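Visitor: Let me see the structure of the following:
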Amino acid sequence: MDLIFATGNEHKIREISKMLSNRFNLLGLKDIQCFVDIPETSNTIQGNAILKAQYVYDNYGKNCFAEDTGLEIKALDMRPGVFSARYAGEAKSSEANIAKVLEELGSLEGREARFRTVIAYILDGNIMTFEGIIEGHIAHQKMGTDGFGYDPIFIPENETRTFAQMSAKEKNEISHRARAFKKFMNHLNL
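Guide: Modelled structure (predicted):
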């Protein structure tokens, strides 16, 4: 069965593919010939997830799911949050985003943070959402080479390593995206 993920982000597609049972064939935007950078104009993570799924449903007539994720840092008044991908500018540069966060935090010790993911699923026009959160804190410097986005600076709760220092399997067992996706899979009775 095809399951359409309203994203062009190959990292996210690979991450979710590893969590799926072999009952599903995960398709991304390019697989349905959608090459548009879907606007994320909502001021909430949930709103952006819904916008992306709704765009695919409205323009391609396909049931689908989308997700949006934000890194929320307590000392930065929960920024970058909904602006996580473009925190340092429209180029969506992970390196620039990480540099900006580390600069803004400086030598501050209070570095509590959380990753929050919302999955929006549209089935025959009905919208359902599933949220996953993981608490943690921001490292003082980048550590690790795996993962993507803010993974080199995020240390999840009960861990001493960043997501970028973990294997994909380890990360996928505890991550915010995995937690939201498990709720989504439970909804689909998998």
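
Visitor: ok, and the closest non-adjacent residue to Ser175?
Guide: Excluding the flanking residues, the one nearest Ser175 by CB to CB, 6 or more residues apart in numbering is Ile134, at 6.1 Å. Every C-beta, even on glycine, is put in place using the N, C-alpha and C of the backbone.

Visitor: Run through the protein and note the low-pLDDT ranges.
Guide: 21, 190 (pLDDT under 70).

Visitor: what about the longest helix in it?
Guide: helix 45-60 (DSSP state H).

Visitor: C-terminal to it, what's the next element?
Guide: strand 64-73 (DSSP states H and E).

Visitor: The helix or strand that comes right after that following strand packs against which elements?
Guide: Where DSSP H and E defines the elements, the next helix or strand beyond strand 64-73 is strand 79-81. Counting by 3 or more CB pairs under 8 Å, 6 or more residues apart in numbering; DSSP states H and E, the packing neighbours recorded for strand 79-81 are strand 64-73.

Visitor: how does it look with 10 Å?
Guide: strand 64-73, helix 94-105 (3 or more CB pairs under 10 Å, 6 or more residues apart in numbering; DSSP states H and E).

Visitor: Just give the strands next to it in its sheet, each with its orientation.
Guide: Strand 79-81 sits in its sheet next to strand 64-73 (antiparallel), going by DSSP bridges.

Visitor: sorry, back to before: give me the number of residues near the residue nearest to Ser175?
Guide: Ile134 sits with 21 neighbouring residues when counted by other CB atoms under 10 Å.

Visitor: Would you enumerate the residues in contact with Phe148?
Guide: Each residue near Phe148 by CB atoms under 10 Å, 6 or more residues apart in numbering is listed here: Asn9, Glu10, His11, Lys12, Arg14, Glu15, Ser94, Phe163, Ala164.

Visitor: What sits closest to the third one if chain neighbours are left out?
Guide: Translated: His11. Nearest one to His11, counting by CB to CB, 6+ apart, is Phe148 at 4.2 Å.
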